[in-house]
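> this is a predicted model, with the sequence first.
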Amino acid sequence: MVEFAPLDYFWTVAYLILMIGCGAVFYRLGKRSGADFFLAGRGLPWWIPGTSNFATHTATDTPMWFSGLVYSKGLYGVWYSLFAGWCAISAWVSTRIFRRSLAGTQAEWQTLRFSGLGAELLRGWMAGWQVALSMFVAGWVGIAMGNVCEYLFNWPLWYGLVIFSTLCCAYVIAAGYWGVIIADVQQGITMFIVIILVSVWAAMAVGGPTQIVEALREMGQSEMLNPFRTSGFVDGDYPLLWLITMIIVPFLGGFGMATHFDWFVEAQRIQSAKNVRDASYSIWWGTAAVLFRNAVWALAVLAIFVITRGELSAEQAQLAWFKVGFDYFPVGMVGFFFAAILAIHISSIGSILNLGSMYATRDLYHHYINPKATEKKVVWVGRLMTLVVLVGSFFFGIMIGKDIVEWLFFALWLMVAGTWLPNILQVIWWRFNAWGYLSAWIANLGVCWLVVWILPSFGIIPDFPDYIQFWLLILLVAAVYIPITFLTKPDDMDKLVKVYVQTRPIGFWGPVKREAERRGLLQARDKIVMVAEKQIKEE
Amino acid sequence: MSFIKRSWEPHEAEEWTREDWIAIVLSPLSYIFLTIGLAMSVFLLTLGFVFLILGIIMTVIMFWVIDPKIKTISTEYEKKQKQYLEDLEHIQRWEEPE
């Protein structure tokens, strides 16, 4: 149990006042319109949504699962960071396309990209799914805070879950996305400084980076510093197929939209950026900061590995990074460290509450229930939905309890595995239609439970490693949506032409491009521009 | 005409070109080299510094190649944005776009 000095209490209280103050300061901006409450008026320079991306993706559970991985696998565990690598290609492809669509949410994109009943069903499906998933993620991040508070103060698990998420909800309800994004900037800077400080302190506790390397050699653990070790193609703890999957899946996923859960968070930031260039930069640099963060974290985790001689249990190893801060920071700095943990926690919770509320309000309430709602009413419903997502997160948090890592891989990796390719196809292939996409989502939801939990428990199929389950899900779900796509009609050509001209998607859009040219929407316009430019130059 | 185009007309920048593909290839490589490079560099491992420098070089080249094009796309698109936003609101309210 950690003891706080008066200065520690000061840091903690001062930080909470600063965060809740954001709600009061930006209250007026948040209430102006739905676009302000959910997208900060679409006018932010790239570094604000970029810092917010970094802050949101640094949640309370992040140092837990990352510490667990690096403590057991050494620098090989850093490859898991590349889960975020989809932003590498997305920044220059799907971010550009999505920003041009101006769709406030991924659900809204469905009614731009697809047509008819299928598009509306997809929008409703995706909005409902996203509201539920936001509750789940907020619950899972919240219960991670519950675990930390149990470790620190011997509190019951639900105290940490409920107290800090509720405090965070106060400023999200007041100022919406304005409060979230400005608080995220403060939180992002605070947490990055503290992450560096913890790593420096941890390295100093061992005697410096060179001493960590020496100590690992003496312990016969030099391989912990080798990120490239393998144990065969599919065998052992370091299979090559896992590494290949870890590189291919995230990076190629950047051609699509929603290939990862993180996309939904990023999509909101993409649309809040002031233009296409700022959207792309925010995605690239926000994720680069996430990757730098993990590299710096590895130093602290391997330092604690040396200090504890590698003897921590898996559960203790998950708290290794927290242990460094609380065990080695001087009196007075412990409170600052706890304030940084609050920053890590609150930045994620705030973003997720506002995100879930946006789907509930913009896509379910405003589009389906009350299309004529005034801006004032939209903002008020947004506030109410923020509260609904918060309460939902408490149920999920209690359900998850202590199995944080297990749930993480299932929820963020396998529950969307079968939709990975369809999420790319919706962007790169004109013929992929609403029914194909909808069937992929539904089939995946059923098949993932079968492959991961039900069939292995009855011994019908082996309990495959997660990366093999991933490829298996891709194949099984494809067997559903590919026939359905070809057995149903393509989307309405008017709609396709419109979305093509507006967003200029990459890939196989030949028939749509030719139709757009035939209608004089591309070629003729370009020719006119070229002739005009030529004339200007001649003059 | 140079291999990398640095000056774009709006209608040219709308097309997917060699410059986009260079960014698409360099971007993941930058992330990989920067991540692994930094993770090894904090332990003062020589190979880490080599990876880190390669990552930085790739990042600089990538932005040098793609920035002029994306700037042109961005500027051009902003001119049309208002109309597209109005269309979106019509879809939201189940109305016919004007």
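That came through, no problem.

> now do the helices in the stretch 201-350 of chain A.
Remark: helices assigned in the stretch 201-350 of chain A by DSSP state H, counting those that start in this stretch are A:209-218, A:240-253, A:262-272, A:276-307, A:314-317, A:320-328, A:333-358.

> quick one: closest of those to A:A127.
Comparison of the helices of the stretch 201-350 of chain A against A:A127 by C-beta to C-beta identifies helix A:333-358 as nearest, at 9.3 Å. C-beta here means a position set from N, CA and C on the backbone, and glycine is covered the same way.

> the helix or strand just after that closest one - contacts with which helices or strands?
Remark: after helix A:333-358, the chain's next helix or strand is helix A:375-400, criterion DSSP states H and E. On a contact count with 3 or more C-beta pairs under 8 Å, 6 or more residues apart in numbering or on different chains; DSSP states H and E, helix A:375-400 meets helix A:34-39, helix A:116-153, helix A:157-206, helix A:333-358.

> rebuild the ones you listed as CSV, extending it with mean pLDDT and mean neighbour count.
Formatted as CSV, the helices and strands packed on helix A:375-400 follow (pLDDT from 0 to 100; neighbours: other C-beta atoms under 10 Å in any protein chain shown):
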stretch, mean pLDDT, mean neighbour count
helix A:34-39, 90, 26
helix A:116-153, 91, 22
helix A:157-206, 91, 22
helix A:333-358, 91, 27
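
> do you know which of the ones you listed lies nearest chain B?
helix A:157-206 (7.1 Å; C-beta to the nearest C-beta).

> A:F508 contacts A:L425, correct?
No: checked against C-beta atoms under 8 Å, the pair A:F508 and A:L425 is beyond contact range at 9.2 Å.

> those two - which one has more neighbours?
Neighbours per residue, other C-beta atoms under 10 Å in any protein chain shown: of A:F508 and A:L425, the larger number sits with A:L425, 25 against 14.

> so what's the more buried one up against?
By C-beta atoms under 8 Å, 6 or more residues apart in numbering or on different chains, the contact list for A:L425 reads A:G256, A:F432, A:G436, A:Y437.

> likewise A:S357?
When contacts are counted by C-beta under 8 Å, 6+ apart, A:S357 is found next to A:F38, A:V172, A:G382, A:R383, A:M385, A:T386, A:V388, A:V389.

> among the residues you listed, who's most crowded?
A:V172 (31 neighbours).

> how close does that one get to A:V391?
13 Å (C-beta to C-beta, to the nearest Å).

> rewinding a little: now for the contacts of A:S357, which pair is the farthest apart?
Largest pairwise distance in the contacts of A:S357, by C-beta to C-beta, is 15.3 Å, between A:F38 and A:V388.

> how about the helices of the stretch 201-350 of chain A in a markdown table, adding distance to A:G116?
Output for the helices of the stretch 201-350 of chain A, formatted as a markdown table (distance: least, C-beta to C-beta, whole Å):
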| stretch | distance to A:G116 |
| --- | --- |
| helix A:209-218 | 60 |
| helix A:240-253 | 27 |
| helix A:262-272 | 23 |
| helix A:276-307 | 29 |
| helix A:314-317 | 50 |
| helix A:320-328 | 50 |
| helix A:333-358 | 25 |
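
> how about those, which one is nearest A:Y76?
Across those, A:Y76 has its closest neighbour in helix A:240-253 (8.6 Å, C-beta to C-beta).

> so the closest one versus helix A:262-272, what angle?
Using axes from the mean of the first three to the mean of the last three C-alpha atoms, to 10 degrees, the inter-axis angle of helix A:240-253 relative to helix A:262-272 is 20 degrees.

> where in chain A is pLDDT low?
A:402-414, A:523-539 (pLDDT under 70).

> centre-most residue in it?
The geometric centre of chain A, computed from its C-alpha atoms, lies nearest to A:D262 (C-alpha atoms, centre = their mean), at 2.3 Å.

> so it sits right up against A:S90, yeah?
No: between A:D262 and A:S90 there is no contact under C-beta under 8 Å: 9.8 Å.

> relative to A:I398, which of the contacts of A:S357 is nearest.
For the contacts of A:S357, the nearest to A:I398 is A:V389 (15.5 Å; C-beta to C-beta).
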